[in-house]
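# Got a sequence here, can you model it:
(chains A and B)
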Amino acid sequence: MNTTTASIETTSTTPITAEWRDFYALTKPGVMKLVVFTGLCGLLAAPGSIHPILGLTAILCIMLGSGGAAALNQWYEADIDAAMKRTSKRPLPARRMERDSALHFGLGLSALSVFLMGVGVNWVASGILAFCIFFYVVIYTMWLKPSTPQNIVIGGAAGAFPPMIGWAAVTGDITLMPILLFTLIFIWTPPHFWALALFVKSDYANAGIPMMPVVAGRESTRKQILAYSVLLAAIAIAPTLLGLADWIYGVPATALSLMFVWLAYRVYRNTATEPSEMKPEKQLFAFSIVYLFVLFGAVVADHYLIGWIV
Amino acid sequence: MNQQQDNPAESIAPRPPGEGRFTGENVTLEETHAIQKRQRERSRLMAVGLIALCILFFLITIVKIGVWG
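The predicted structure follows:
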């Protein structure tokens, strides 16, 4: 028996001692960046001030909470991840980690983030963070995602909470502006994910996930992407129209929202069935990420620069 | 190759309690060294994390009691 065969045969009985990189991968660092960024923007755009140490603590808690929720999501979805090409290299489906380790890691991070936010910052922000983790893990991952094509519409709320948490960390309450920021991400999520789902449809179908393109078809999904994009544009310019933000936010928000609707219109007009021909979908998906980063950056710039300019 | 590796979905199915735990049996010397290296790395990171947490709690306390306004 050669060494290779011996190594493979012992795989099922040898311990799985995950590397720290596997735990890091479990936190979905890519998603975490967007979550932390929107949370930071909510914190910076809020009226009033917060001590830098407490501000950093709030951001750390959002980061830990996001990582914990992502770990719990991967713990629950390990079998689905194994069936999808895009996710099959993650630590659990690739068998680089024990499933229990992911569960304990996720629960530990989540509990620590909520406790630290409550003790260090305030209990309003802590409560919203706890609800956000619960919403993502239980309502979205366990309930909605496997059962309805509207999963991403309602589940998008989980990703929309961070700016509200950042805002609440400073003010201790919730007003119209953080609700608009929440709504912005909430309405942004469906066109963002459906654009992705259109060109990875077969992956979702193989895993039995009822994403919109799998259940309702491409044409219906493209129509809904356009409808949500128009609604998104309206939400994006609402803070300026309501007098909650000035032109530093208003100008880029209007320009980028028009661009978003234009790209969504191109997706709507596209009839391609092969992923290789879905350039508009890929462009919309990539642009949607830039769109959110720029809009939230503009909210902060508007808050700080308008007083300085005027 | 065993069947667990052929089907990734089956490979993450729940296993009997104790299976896969480190017992020192059926593990080559190289694997033992690799496992110990990973454990050391994880232990170091855990220590750094706990120390950072202690410092953070100390700083939060200082801020809360008003020493830094």
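# if I pick the nearest residue to residue A:62 once chain neighbours are set aside, what's in contact with it?
Nearest non-adjacent residue to residue A:62, counting by C-beta to C-beta, 6 or more residues apart in numbering or on different chains: residue A:39, 4.0 Å away. No exception for glycine: its C-beta is placed from N, CA and C like everyone else's. Taking C-beta atoms under 8 Å, 6 or more residues apart in numbering or on different chains, we find residue A:39 in contact with A:58-59, A:62, A:162-163, A:165-166.
# Need these in a markdown table (columns: neighbour count and pLDDT).
As requested, the contacts of residue A:39 are arranged in a markdown table below (neighbours: other C-beta atoms under 10 Å in any protein chain shown; pLDDT from 0 to 100):
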| residue | neighbour count | pLDDT |
| --- | --- | --- |
| A:58 | 28 | 97 |
| A:59 | 20 | 97 |
| A:62 | 30 | 97 |
| A:162 | 31 | 95 |
| A:163 | 30 | 95 |
| A:165 | 31 | 97 |
| A:166 | 30 | 96 |
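# from those, which ones fall inside helices?
A:58-59, A:62, A:162-163, A:165-166 (DSSP state H).
# for the residues you listed, which one is nearest chain B?
Within these, proximity to chain B (C-beta to the nearest C-beta) peaks at residue A:58, which comes in at 10.9 Å.
# got a list of what that closest one touches?
By C-beta under 8 Å, 6+ apart, the contact set of residue A:58 is A:39, A:43, A:50, A:117, A:120-121, A:125, A:165-166, A:169.
# what's the closest of the residues you listed to residue A:205?
Residue A:205 has its nearest neighbour among these in residue A:39, at 33.7 Å by C-beta to C-beta.
# ok, back up a step: what's the closest of the contacts of residue A:39 to residue A:113?
residue A:62 (7.5 Å).
# so the closest one sits right up against residue A:34, yeah?
No: here residue A:62 lies out of contact with residue A:34, judged by C-beta atoms under 8 Å, at a distance of 11.2 Å.
# Would you map the helices across the stretch 1-150 of chain A?
If DSSP state H, counting those that start in this stretch is used as the criterion, the helices of the stretch 1-150 of chain A fall at A:3-9, A:20-26, A:29-45, A:52-76, A:78-83, A:99-120, A:123-134.
# If you could redo that for chain B, that was the one I meant.
Using DSSP H, helices in chain B cover B:3-6, B:8-11, B:29-64.
# So which elements touch the longest one?
When you say that, I think you mean helix B:29-64. helix A:20-26, helix A:52-76, helix A:99-120 (3 or more C-beta pairs under 8 Å, 6 or more residues apart in numbering or on different chains; DSSP states H and E).
# if we go to 7 Å?
helix A:20-26, helix A:52-76 (3 or more C-beta pairs under 7 Å, 6 or more residues apart in numbering or on different chains; DSSP states H and E).
# which parts of the longest one are buried?
In other words, helix A:52-76. Judged by neighbour count (16 or more other C-beta atoms under 10 Å in any protein chain shown), helix A:52-76 contains these buried residues: A:53-55, A:57-76.
# Alright, that wraps it up for me.
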